[in-house]
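[1] Generate coordinates for the sequence data below:
(4 chains)
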There are 2 protein chains.
Amino acid sequence: MNLQKAWGILKENGFKETTKRNQILEIFEGDERYLTARDILDVMQKDYPSMSYDTVYRNLATFVSLDILEATELSGEKHFRMHCESDHHHHHFICMDCGKIKEIPLCPMDMLGAALPAYEIDNHKFEIYGKCPDCK
Amino acid sequence: MNLQKAWGILKENGFKETTKRNQILEIFEGDERYLTARDILDVMQKDYPSMSYDTVYRNLATFVSLDILEATELSGEKHFRMHCESDHHHHHFICMDCGKIKEIPLCPMDMLGAALPAYEIDNHKFEIYGKCPDCK
DNA sequence: TTTTCCAATAATAATGATTACGATTTACTA
DNA sequence: TAGTAAATCGTAATCATTATTATTGGAAAA
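    Presented below is the predicted three-dimensional model:
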C-alpha cells in the first residue's frame, strides 16, 4: 500500500491529516520489514524529540483497524508493516535477520477439509521463519 | 506426556526432584488447556503462599527447553501446556473461550513445494483459533 | 482572517508480564 | 549426616503497553 491510498482510507473514515501521522506512514512506505512501536518512536524522535509512545501506539492501532498496516506477534513484541497490495489471501515467510518478508501464495485452510466439524473457526496464523537468501 | 515421563527427562538432565516442580507438572497433567505463568502461580499459591514468579518462570522455561511443555503466544501472553504424546508432527486448533486444543493432523509445510528456493527455513507456526463445539 | 470545536498529541503515570539477583533453603551425594 | 550445588524466596528492575488529563493544532464556520 502507498501513502496516497492510506490517506484516502483515513480521510474516508474522518481522520485528520497530521504531520506525525504522515511521517509514521512514510516510515512504513519506505521499509518493507516488520517494525515495532519502538522502532517507529526512535525514528520519529529524531524530528520530534517530544514524540510520545501514546501517539505511536494510538496511530498504529488506527492503521491496523483500517487495514493500512498489518500486525503480527514476533518473540513477544507486536510488529507492523504496510498491508500487502495483493488482493488474494496469502501468508508470509519472515526473515528473522533482516525482517523482510516474502509472500507465500498458499493457505493451509484450503486443505483443511472436514478436519474440524462443528468447530467455529474465527482466525488462523501461518508464518514461516528463517533466513532469506540475502542473509543466509 | 505424563508425570513419569517428564521426571525421566528431568532426571536424565540432572534436575532435582522438588515438590514445587512436581506440583507444577501435576497442574499441567490435569489440564489440557493452555495456561499462563499467572495461572500456575495462582494455583500454586493456594498451597505455597510464598511461591514466587521466579520459580514459575524458571521452571516453565526449563520444561519447554526439555520438550516437556510446549509454548505459544496468545494475545501477547505466553501460554503453556503438556507436550503432545503424538509422535507425528501436527498443529493445533485452539479454543479462545476454554483454551482447549484439538490436534490438526496436517502440516502446511508439506504443500510448500518449491515456494521458497534458496531460503533457510528454521521454523513455522500454524494455529487455528475459534470456538470448540462445547463453547459455541 | 479569526474564532471555535473537537480530534490529536504531550507528558506523565499506571499496569501487567517477565526477568534479575542476593540471600536463604532444599535435595541429592558422599 | 554434613557438604555442596541447585532451587527457591523476596523483592526490585525492566520492558511493552495502556490509561489519564491537560494542552495543542487542523479544519471548517463565522
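
[2] and the spatially closest residue to residue A:131 that is not a sequence neighbour, how many neighbours?
    The spatial neighbour of residue A:131 that comes closest, neighbours along the chain excluded (Cβ to Cβ, 6 or more residues apart in numbering or on different chains), is residue B:120 at 4.1 Å. The C-beta positions use only the backbone N, C-alpha and C, and glycine is treated the same way. Residue B:120 has 15 neighbouring residues, counting by other Cβ atoms under 10 Å in any protein chain shown.

[3] I'd assumed residue A:130 was in contact with residue B:120.
    Yes: here residue B:120 reaches residue A:130: they are 4.6 Å apart, a contact under Cβ atoms under 8 Å.

[4] Just confirm residue A:24 is within a helix.
    Yes: judged by DSSP: H, G, I helix; E, B strand; the rest coil, residue A:24 forms part of a helix.

[5] List the contacts of it.
    A:40, A:44, A:56, A:59, A:60, A:63 (Cβ atoms under 8 Å, 6 or more residues apart in numbering or on different chains).

[6] Determine which two of those are furthest apart.
    Greatest spacing in these, by Cβ to Cβ: A:44 and A:63 (14.2 Å).

[7] which residues sit in contact with residue A:55?
    By Cβ under 8 Å, 6+ apart, the contact set of residue A:55 is residue A:20.

[8] Okay, and it sits in which element?
    Applying DSSP states H and E as the criterion places residue A:55 in helix A:53-65.

[9] from the chain's centre, how far out does that helix sit?
    Its chain's C-alpha centre and that of helix A:53-65 lie 12 Å apart, by Cα atoms, centre = their mean, to the nearest Å.

[10] Tell me the buried residues in that helix?
    A:55, A:56, A:59, A:60, A:62, A:63 (16 or more other Cβ atoms under 10 Å in any protein chain shown).

[11] Would you check that the third one makes contact with residue A:19?
    No: with contact taken as Cβ under 8 Å, residue A:59 and residue A:19 are classed as non-touching, separated by 12.0 Å.

[12] overlap between the contacts of residue A:24 and the residues near DNA strand C?
    Contacts with DNA strand C within the contacts of residue A:24, as defined by Cβ under 7 Å from any atom of the strand: residue A:59.

[13] and of the contacts of residue A:24, the nearest to residue A:83?
    For the contacts of residue A:24, the nearest to residue A:83 is residue A:63 (8.6 Å; Cβ to Cβ).

[14] Enumerate every residue touching that closest one.
    A:6, A:24, A:25, A:69, A:80.

[15] Find the closest residue to DNA strand C in chain A.
    Among the residues of chain A, residue A:50 lies closest to DNA strand C, at 2.9 Å counting by Cβ to the nearest atom of the strand.

[16] could you dump stretch A:24-43 to CSV, C-alpha only?
    C-alpha atoms of stretch A:24-43 as CSV (Å, rounded to 0.1, in the frame of the first residue of the first chain):
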residue,chain,number,x,y,z
ILE,A,24,4.7,7.4,10.5
LEU,A,25,3.1,6.2,7.3
GLU,A,26,6.2,7.4,5.3
ILE,A,27,8.4,5.2,7.5
PHE,A,28,6.3,2.2,6.7
GLU,A,29,6.2,3.1,3.0
GLY,A,30,9.9,3.1,2.8
ASP,A,31,10.6,0.0,4.8
GLU,A,32,9.3,-3.5,3.9
ARG,A,33,10.3,-5.0,7.2
TYR,A,34,8.2,-5.6,10.2
LEU,A,35,8.8,-2.8,12.7
THR,A,36,8.0,-2.4,16.4
ALA,A,37,6.4,0.6,18.1
ARG,A,38,9.8,1.4,19.5
ASP,A,39,11.4,1.4,16.0
ILE,A,40,8.9,4.0,15.0
LEU,A,41,9.4,6.1,18.0
ASP,A,42,13.1,6.1,17.6
VAL,A,43,12.9,7.4,14.1
